[in-house]
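1. 3D, please:
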Amino acid sequence: MSLGALGIVYGDIGTSPLYALKETVKVAAAGGTLQHDAVLGSVSLILWSLFLIVALKYAILILRADNHGEGGIVAMLALLGARHAPPRSWRAILLVVGLIGAALLYGDGAITPAISVLSAVEGLKVDAPGVTPFVVPATVVILIGLFSVQRKGTGFIGRLFGPVMLLWFATIAAIGAAGIRQNPEILAALNPFHAVHYLITAHLPVSFAMLGAAFLAVTGGEAMYADLGHFGRAPIRLAWFAVVLPALVLNYLGQGALLLSNPAAVDNPFFQLAPSWIHYPLVAFATLATVIASQAIISGAFSLTEQAIKLGFFPRMRIVHTSSHEAGQIYVPIVNWLLAIATLGAVLAFGSSDALAGAYGIAVSLLMVITTVLAALIALHWGFNLGLVLAVNGAFLVIDLTFFSANTLKLFEGGWFPLLLAAGVAFLMLTWRRGTQLVEAARVQLRMPEDEFLRQVEAKHLPRIPGTGAFLTWADEGMPLPLMNFVRHLHVLHERVLLVTIQGLDVPHATEAEQIAVVPVAQDVTRVILRFGFMDNVHIPRALRQAVERGQLPDVDVEALAYFISHETVVASEKHPGMASWREEIFALMQRNAEETASYFCVPAPQVMEVGTEVEV
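-> Model prediction:
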């Protein structure tokens, strides 16, 4: 599991030595000669950022805040019960903050592949400056290939990620150790005094710019919490402390040793640290490592999207399971290509890793602020001492806010790009959630109570047609709209009726006991409540088949069921209070383009009948 975590969790932070120290010392040099103190200060600042933010905050503390083994912003919102918070309550505010945090991951996901692959390909310029015009085209080709193969699944390639990244960390550690041996004086950077002293003595604009550049070394640290559910706390910690952290420390110290001896290497200390005879193989290896890091980001975006859909923050989208034996291997076409457009746009617009460094970090630093705040609230919710929480999380919040403030200097250098992407995603998530609340409120007005509906059916002596009809609904009371419309127009009813209620839980996986509940409503009418966690595969026929096998639905032939699904047309109307009319139009557009209900719930098309309903919001 630790080997797998090396490839998925640590790909991003593992490739940060390609650009993090380079950007930090360039700020310290400020167009002049790179000074001795600037090198020690820059390396010390990066190392202690790794020690405090990634090792202490994430690896030791944040990993404790799991929701039944799952991590990430979605897990934090579930732990705080924010999804079902009443409007305008403090938990509702937390939900908005949490959704902004989730949206920031998409902004980060567009920049990470761009800056990582660009940094690796730029290594060619060390020995062959003439290839400079081909760096961007080569990067574009690599990224197009990466996004194109997503639809075929990455299961086989994914099994190679861990061993490849283990070799990568061994390589950068060996190169770094060789550099340290050439100039052991760099070991003084392990003393945090050099970082603090340089930040205090440098001009304030330089100090802030250095903090923003040094933060590039810790971007990717949040992945260890986001991927907690895939690997577990112990394997992630073992991989970090046994492999990743030592390799990163050695490489950053090695680059610093080179810069102490040769300040002119500031243009690309990572590649110049290596012997000249392995430059080209190292460029190829670095490119492969950055592709793996990018793949992990893309897969993470797919996983986050699936969770957000199941929790009601996104409309249903087409989700393709690319592996028959691994539920986590999924492909979301629209997310893949929107992410591809954003990433390629960043490469073409910025053109170099130096320029992209201005766009990178601001989204992640804000996400880390949000994570620290939510973690503090979870600790209080779990009963931890208030003074202890304020002391520990308060200290980390000061550090996070300092880095975020430093990164705001990048806002007009490109930092607006990931923030704009994140703002757009957060707006759509909040619009969809509010719109679905308005639609459900409209449905409540249209639904008829069960007793009243059944009395009318009995009074009208409706003919009963052979077979069993399964009517899908989100509510656990009242009659589903497709059933009411079916009876209203056809004046018949099946011999047996199943009211199938689908409910999403705030846990990764529903237990066997809570998965299926069968509630008799009348002699031939049964309500079947199916509950799914946000990491579960929502497969209605399979769940009903399990209920039959358990004896909860005797004499039901799942293969012969007729499924009735409401095909809702949402109409924006000024007659109903809700959102602004232009926002309601956006919601209606999202609703019309959502994935078909039957397909999303894995219901066979020949067994489905859609019943139209118009809902005004």
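
2. Tell me the buried residues in the helix or strand harbouring residue 37?
-> For residue 37, the host element (DSSP states H and E) is helix 36-49. Counting neighbours by 16 or more other C-beta atoms under 10 Å, one finds that the buried residues in helix 36-49 are 38, 39, 40, 41, 42, 43, 44, 45, 46, 47, 48, 49. Quick note: C-beta positions are derived from backbone N, CA and C, even for glycine.

3. would TSV of these with pLDDT and distance to residue 567 be doable?
-> Formatted as TSV, the buried residues of helix 36-49 follow (pLDDT from 0 to 100; distance: C-beta to C-beta, whole Å):
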residue	pLDDT	distance to residue 567
38	88	65
39	91	65
40	93	67
41	92	63
42	92	60
43	95	61
44	95	62
45	95	58
46	95	56
47	96	58
48	96	58
49	95	53
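
4. Turn those residues into JSON lines, columns for distance to residue 241.
-> Shown next, in JSON lines, are the buried residues of helix 36-49 (distance: C-beta to C-beta, whole Å):
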{"residue": "38", "distance to residue 241": "29"}
{"residue": "39", "distance to residue 241": "26"}
{"residue": "40", "distance to residue 241": "25"}
{"residue": "41", "distance to residue 241": "26"}
{"residue": "42", "distance to residue 241": "24"}
{"residue": "43", "distance to residue 241": "20"}
{"residue": "44", "distance to residue 241": "20"}
{"residue": "45", "distance to residue 241": "21"}
{"residue": "46", "distance to residue 241": "18"}
{"residue": "47", "distance to residue 241": "15"}
{"residue": "48", "distance to residue 241": "16"}
{"residue": "49", "distance to residue 241": "16"}
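
5. So in the protein, which strand runs the longest?
-> strand 493-504 (DSSP state E).

6. now the helices for the stretch 501-617 of the chain?
-> 512-515, 540-549, 581-592, 597-600 (DSSP state H, counting those that start in this stretch).

7. do you know which of those lies nearest residue 569?
-> Closest of these to residue 569 is helix 581-592, at 7.6 Å (criterion: C-beta to C-beta).

8. which strands and helices sit next to that closest one?
-> helix 416-446, strand 562-571 (3 or more C-beta pairs under 8 Å, 6 or more residues apart in numbering; DSSP states H and E).

9. let's see it at 10 Å
-> When contacts are defined as 3 or more C-beta pairs under 10 Å, 6 or more residues apart in numbering; DSSP states H and E, helix 581-592 sits against helix 416-446, strand 562-571, strand 608-616.

10. Indicate which one of the ones you listed is closest to residue 338.
-> helix 416-446 (9.3 Å).

11. what's downstream of whichever strand or helix holds residue 452, the next helix or strand?
-> Per DSSP H and E: residue 452 is located in helix 450-460. The C-terminal neighbour of helix 450-460 among helices and strands, as given by DSSP H and E, is strand 464-473.

12. What residues sit buried inside that next one?
-> For strand 464-473, burial by neighbour count (16+ other C-beta under 10 Å) applies to 468, 469, 470, 471, 472, 473.

13. can you put the residues you listed in TSV and add pLDDT?
-> Shown next, in TSV, are the buried residues of strand 464-473 (pLDDT from 0 to 100):
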residue	pLDDT
468	91
469	92
470	93
471	92
472	90
473	88
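
14. which two from those residues end up farthest apart in space?
-> 468 and 473 (15.9 Å).

15. Compute the number of surrounding residues for the closest residue to residue 300 other than its chain neighbours.
-> Nearest residue to residue 300, sequence neighbours excluded (C-beta to C-beta, 6 or more residues apart in numbering): residue 226, at 6.1 Å. Residues near residue 226, counting by other C-beta atoms under 10 Å, number 23.

16. picking up where we left off before, residue 605: which of the buried residues of helix 36-49 is nearest?
-> Distance to residue 605 across the buried residues of helix 36-49 (C-beta to C-beta) is lowest for residue 49, with 53.4 Å.

17. Counting neighbours, which bits of the helix or strand hosting residue 146 end up buried?
-> Residue 146 is located in helix 135-148, with elements delineated by DSSP H and E. In terms of neighbour count (16+ other C-beta under 10 Å), helix 135-148 has its buried residues at 135, 136, 138, 139, 140, 142, 143, 146, 147.

18. Outside of it itself, list whatever touches it.
-> 113-114, 116-125, 131, 134, 154, 287-288, 290-292, 294-295, 298, 336-337, 339-341, 343-344, 346-348, 350-353 (C-beta atoms under 10 Å, 6 or more residues apart in numbering).
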